[in-house]
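>>> just a sequence and a predicted model for now, questions to come.
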Amino acid sequence: MIVHQPELRLWVLSGPTGSYVLWLDEEDRPLVLHWGPRLTAEQAASLLDLPRPGFWPVENTSEGMADLAAAGGLRYGAAGLQVRFPDGTRDLELAFTGESHTEDTLVLTFADRHYPLTVESHYRLRGDVIERHLVLRNAGEPVTLARADSATWVVPPLADYRLGHVHGRWGAETQLTRVELPYGETVLTSRRGVTSHHANPWAMIDDGTATEEHGAVYSCALAWSGSWRLTAQRLPTGRVTLSAGFGHDPVVLTLEDELVTPVCAGMYSQGGFGAASRAWHDYQLRHVLPHPGELRPVLYNSWEATGFDLSLDGQIALAERAAAMGVELFVMDDGWFGARTHDAAGLGDWYPNPARFPEGLAPLIARVHELGMRFGLWVEPEMVNPDSELYRAHPDWVIHQPHRRRTEHRNQLVLNLARPEVAEHLHRTLDELLAKNAIDFVKWDMNRPFTEAGQPGSDDHDRLWIGHVRALYAILDRLREAHPHARFESCSSGGGRVDLGILSRTDQVWTSDNTDALDRVEIQHGFSQLYPTRVMAAWVTDSPNPITGRELPLDFRFHVAMAGVLGVGGSLDKWTDGELARAAELVADYKRIRPIVQHGLQYRLAHGSLTGVQYVLGEQTAVLAFRTARRFAQAEPPLALRGLDPLGRYRDIASGREYHGAVLLTHGIPLGMGPGDYASTMIHLVREA
Ligand code: DGJ
């Protein structure tokens, strides 16, 4: 609900539990008076009676309260909006020109007092999440934009400030870290043209005392899959802002006529990090994912089994074993096309390798469908190997700069999708691939970040950073529309492209190339802070693990992967009959709890040498617990559950044993795991009364 009090120049944006109160000061600056628990319009209006921020000597104390942090005037802090006009004038002087609002949207419009530039600040309520973006319009000569953040979020005064975010690298994505926010500016960013493994465009602020269960959390997340920058600023006056947008230093954008920034979503929540995560998950399931109500199938992916060494017979043999295990979607990975028998050739030539698939993909797809599974295919459309027909025909189609080398990474270069003819070619190629073959699922990979990013012949090289991502989105949108049955997975050497932007046009993401279940416990913990289980693909692979060499029991590997969208990626041709049979039982177990895991509320019960994750959907709950190391022969205590009715009675499906909700919530559930390291269990409870 949005309430406007025109005489006070005040807007109150309220979700079910929180409010965001905006006030226009005498200088027409929108300041945030409140971001926190829900307030009535009357209560919000009374905020104006509180002592006003003023100007101390050399301090503008309202600086850290600006919702539209435009550079200009008496301010020195991080500016989310920074321009340079053609005559060299920097900064903006914005005058408020109007507003329009509905029940759940608000647009505040400002115009520069001299130059023909207008700024619209857009807000949309999605439950307790506020989606924001800017629309900039220029009616004059092109304007240079050094920064155009989608939103600046003003955190209310807290006793202290702690910043939560994830860092990582290839094979070690989404490592959660929580640190006291230092004074100054802390910048989280990607300069890679892709979201990146190294940081993810979200941040959470709490006062340093929040726990998994308690405390206020202020968070924001950017819906963008290219380079980005999020600045957490802690001012000496004690105020904190989070400002996020696309683009990175030192790239600048040119505003010709109009620029629409991506959405930056923000949320205030109570109930600790667990509640914040559940609210973010709920938001994505309701408002971001294209088919949120669907259950993601159990997939098999051939990559770890075959690498580039694949054949029709080999794929069929794997498919037969996968189908017998209960797999529902068979995905053929890299190595099926062009001259792609190794990683130095073929990228860009999206037709079946004639020696490997002389009759095309049809025989394999037919067999996979006959086995009762859907068929999926790997592609990496934004890339080209110099040793490819496409590159030989169009060497100028890649991102490159005059007089600079084209550094190859994994023997590949990036196609410049910002060039319309390149985007058109890609769309046509993929559209034909999907039209000619009964492909149900596309794994869209992107293994090579941008370097030497330029587009010779253009007067604006920097434009490609945004243009590439926009073209990628447009291709995905067009393919989805033309092939509505097809589902898509976002992959970028594992979890290098996971964000709210790509999630609005893909159905799941490949979380990490690291499938070692012990490492995955950590990666999944960080992933779950913002993103829902419903999109988090997790495969069971071989032991020893091909990347880490660690040996882990089959049940442990399965139970960890069952806390996501279960997949299998091992060399099934080498698994013993016993392993295949146990795997089939575990796949069947997963299917029983799948709706709860993929659509239920997630509670992180414990994280450490014992990790427990619980999911609750209606009358059912599932618990997955993993013990990594048992120390000093100490048995872990029962895990106290969450989200149950204390008056309910719950039956354990496996043992038949009945528990009182109140007892499960207070004393917990005995896990019944055997002694030793790497023990794990799955518990499925159904409410009986
Ligand atoms: C990187 C992905 O993360 C892997 O799963 C696999 O698809 C390879 N690329 C194939 O080249």
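Sure thing, it's come through. Numbering: from 1, shown residues only.
>>> where along the stretch 101-250 of the chain do the strands fall?
Ranges of strands in the stretch 101-250 of the chain, per DSSP state E, counting those that start in this stretch, are 105-112, 117-126, 129-138, 143-148, 151-155, 162-167, 175-180, 184-190, 202-206, 217-222, 228-234, 240-246.
>>> so what's the residue in the chain that the ligand sits nearest to up against?
Closest contact between the chain and the ligand, by C-beta to the nearest ligand atom, is at Asp334 (3.5 Å). To be clear about C-beta, it is placed using only N, CA and C from the backbone, and glycine gets the same treatment. Going by C-beta atoms under 8 Å, 6 or more residues apart in numbering, Asp334 touches Trp303, Gly307, Phe308, Arg340, Asp343, Trp378, Glu380, Asp445.
>>> show the pLDDT at the nearest residue to Thr628 once chain neighbours are set aside.
The shortest distance from Thr628 to any non-neighbouring residue, by C-beta to C-beta, 6 or more residues apart in numbering, is to Ser609 (5.4 Å). We have a pLDDT of 91 for Ser609.
>>> how many residues are close by Ser609?
Look at Ser609: counted by other C-beta atoms under 10 Å, it has 14 neighbours.
>>> how about Ile683?
Ile683 has 23 nearby residues by other C-beta under 10 Å.
>>> mind listing the strands the host helix or strand of it pairs with, and their directions?
Element membership for Ile683 (DSSP states H and E) is strand 679-687. Within its sheet, strand 679-687 is paired with strand 620-627 (antiparallel), strand 649-652 (antiparallel), according to DSSP bridges.
>>> how far out from the middle of the chain is the longest one?
By that I understand strand 620-627. 24 Å (C-alpha atoms, centre = their mean, to the nearest Å).
>>> rewinding a little: CA atoms of the strand holding Ile683 as PDB?
Provided in PDB are the C-alpha atoms of strand 679-687 (Å, rounded to 0.1, in the frame of the first residue of the first chain):
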ATOM      1  CA  ALA A 679      27.000 -39.500   8.500                       C
ATOM      2  CA  SER A 680      23.800 -38.100   7.100                       C
ATOM      3  CA  THR A 681      20.100 -38.500   7.200                       C
ATOM      4  CA  MET A 682      16.800 -37.500   5.700                       C
ATOM      5  CA  ILE A 683      13.700 -37.300   7.900                       C
ATOM      6  CA  HIS A 684      10.200 -36.800   6.500                       C
ATOM      7  CA  LEU A 685       7.400 -35.900   8.900                       C
ATOM      8  CA  VAL A 686       3.700 -35.600   8.100                       C
ATOM      9  CA  ARG A 687       1.200 -34.000  10.400                       C
END
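>>> quick check: residues of the stretch 201-350 of the chain near the ligand?
Neighbours of the ligand within the stretch 201-350 of the chain, by C-beta under 6 Å from any ligand atom: Trp303, Asp333, Asp334.
>>> ok, of those residues, which one's closest to Tyr650?
Trp303 (39.7 Å; C-beta to C-beta).
>>> let me know whether Ser227 touches His198 as I believe.
No. Counting by C-beta atoms under 8 Å, Ser227 does not reach His198; the two are 11.7 Å apart.
>>> okay, the two: which has more neighbours?
Neighbours per residue (other C-beta under 10 Å) separate Ser227 from His198, with Ser227 holding more: 26 against 19.
>>> worst mean pLDDT across the helices and strands of the chain, which element?
Between all helices and strands in the chain, the lowest mean by mean pLDDT, DSSP states H and E belongs to strand 55-56, at a mean of 61.
>>> export the strands of the stretch 101-250 of the chain as CSV, with columns for mean pLDDT and distance to Met536.
As requested, those are exported to CSV (pLDDT from 0 to 100; distance: least, C-beta to C-beta, whole Å):
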stretch, mean pLDDT, distance to Met536
strand 105-112, 98, 31
strand 117-126, 98, 21
strand 129-138, 98, 20
strand 143-148, 96, 31
strand 151-155, 98, 26
strand 162-167, 98, 13
strand 175-180, 98, 14
strand 184-190, 98, 20
strand 202-206, 98, 15
strand 217-222, 98, 16
strand 228-234, 98, 21
strand 240-246, 98, 23
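>>> mean neighbour count added to the ones you listed, as TSV?
Formatted as TSV, the strands of the stretch 101-250 of the chain follow (neighbours: other C-beta atoms under 10 Å):
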stretch	mean neighbour count
strand 105-112	19
strand 117-126	20
strand 129-138	21
strand 143-148	20
strand 151-155	28
strand 162-167	21
strand 175-180	14
strand 184-190	18
strand 202-206	25
strand 217-222	26
strand 228-234	25
strand 240-246	27
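>>> Serialize those to CSV and add fields for distance to Leu518.
Below are the strands of the stretch 101-250 of the chain laid out as CSV (distance: least, C-beta to C-beta, whole Å):
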stretch, distance to Leu518
strand 105-112, 46
strand 117-126, 36
strand 129-138, 34
strand 143-148, 41
strand 151-155, 35
strand 162-167, 18
strand 175-180, 14
strand 184-190, 27
strand 202-206, 25
strand 217-222, 28
strand 228-234, 30
strand 240-246, 33
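>>> Ser100 sits in which helix or strand?
Residue-wise, Ser100 maps onto strand 94-101 under DSSP H and E.
>>> tell me the strands beside that strand, with direction?
Note on strand 94-101: by DSSP bridges, its sheet partners are strand 105-112 (antiparallel).
>>> any chance of TSV for the residues of the stretch 201-350 of the chain next to the ligand, columns secondary structure and pLDDT?
Below are these laid out as TSV (DSSP: H, G, I helix; E, B strand; the rest coil; pLDDT from 0 to 100):
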residue	secondary structure	pLDDT
Trp303	helix	97
Asp333	coil	98
Asp334	coil	98
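>>> related to what we said a few turns ago, list the contacts of the strand holding Ser100.
With C-beta under 8 Å, 6+ apart, strand 94-101 has contacts from 2, 4, 11, 24, 28-29, 68, 70, 72, 106-113, 118-119.
>>> show me where the stretch 201-350 of the chain has its helices.
272-283, 303-306, 312-325 (DSSP state H, counting those that start in this stretch).
>>> give me the buried positions along the shortest one.
Of the residues in helix 303-306, those scored as buried under the neighbour-count criterion (16 or more other C-beta atoms under 10 Å) are Trp303, Glu304, Ala305, Thr306.
>>> could you do the last one as well?
Under the neighbour-count criterion of 16+ other C-beta under 10 Å, helix 312-325 has Leu312, Gln315, Ile316, Leu318, Ala319, Arg321, Ala322, Ala323, Met325 buried.
>>> interface residues of this protein facing the ligand?
Where the chain comes near the ligand, counting by C-beta under 6 Å from any ligand atom, the residues are Trp303, Asp333, Asp334, Trp378, Asp445, Asn447, Cys491, Ser493, Gly494, Trp510, Asp513.
>>> what sits against the first one?
In this case it means Trp303. With contacts defined as C-beta under 8 Å, 6+ apart, the neighbours of Trp303 are Asp333, Asp334, Trp378, Gly569.
>>> need the contact partners of stretch 294-302.
With C-beta under 8 Å, 6+ apart, stretch 294-302 has contacts from 310, 315, 318-319, 322, 325-333, 373-374, 376, 441, 443, 507-508, 534-535, 537, 539, 565-569, 572, 587, 590-591, 594-595, 598-599.
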